[in-house]
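Visitor: Build me a structure from this.
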Amino acid sequence: MSKTAINSSKAPAPIGPYSQAILIKDTLYVSGQVAIDQSTGDLVNDSISNETEQVMTNLSYILEEAGFAFDHVVKCSIFISDMDNFKEINEVYGKHFTTIPPARETVEVSRLPKDVNVEISCIAVK
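Guide: Coordinates of the predicted model:
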């Protein structure tokens with residue numbers, strides 16, 4: 001098996017021993033992204049909508065680095081700290097999938113890295 005690490009300078013650098021994404025053949029496995037704005041280093045958490053939009057932007061940077069787009073995403077995992085934010089997260093998330101939406105699960109967790117409210121990972125296939 002041959003795997004290639006994908007790292008975009010536009011997305012936040014990993015905060016641990018992992019790659020932003022791993023490409024194996026035509027499948028891209030993107031690590032969970034949080035709402036850090038790489039250009040400023042700041043966490044975007046003034047609203048759950050803005051936080052989710054930054055997460056989706058970070059995912060898009062990594063997808064683009066590997067030559068993929070949201071249309072290639074087949075599976076997402078969403079981790080949220082409060083299920084009461086589900087509706088707003090879902091609205092922002094849904095705007096990024098203009099064709100067939102991917103399979104997905106959404107799970108409420110007790111805590112996320114950097115105490116963020118939402119983290120999203122995905123798998124994309126060409």
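
Visitor: Look up how far Phe86 lies from Ser31.
Guide: For Ser31, the distance to Phe86 (Cβ to Cβ, to the nearest Å) stands at 22 Å. (C-beta placed from N, C-alpha, C; glycine too.)

Visitor: ditto for Lys10
Guide: With distances taken as Cβ to Cβ, Lys10 is found 28 Å from Phe86.

Visitor: Which helix in the chain has the most residues?
Guide: helix 48-65 (DSSP state H).

Visitor: Which other helices and strands does it contact?
Guide: With contacts taken as 3 or more Cβ pairs under 8 Å, 6 or more residues apart in numbering; DSSP states H and E, helix 48-65 sits against strand 27-33, strand 36-37, helix 86-94, strand 118-125.

Visitor: Select, out of these, the one closest to Ser77.
Guide: Set against Ser77 and scored by Cβ to Cβ, the helices and strands packed on helix 48-65 come closest in strand 118-125, at 4.9 Å.

Visitor: Run through the neighbouring helices and strands of that closest one.
Guide: strand 27-33, helix 48-65, strand 73-80.

Visitor: Tell me the buried residues in the second one?
Guide: Within helix 48-65, the residues scored as buried using 16 or more other Cβ atoms under 10 Å are 48, 51-63, 65.

Visitor: neighbours around Thr106, how many?
Guide: 16 (other Cβ atoms under 10 Å).

Visitor: Repeat that for Arg111.
Guide: Neighbour count of Arg111, defined by other Cβ under 10 Å: 9.
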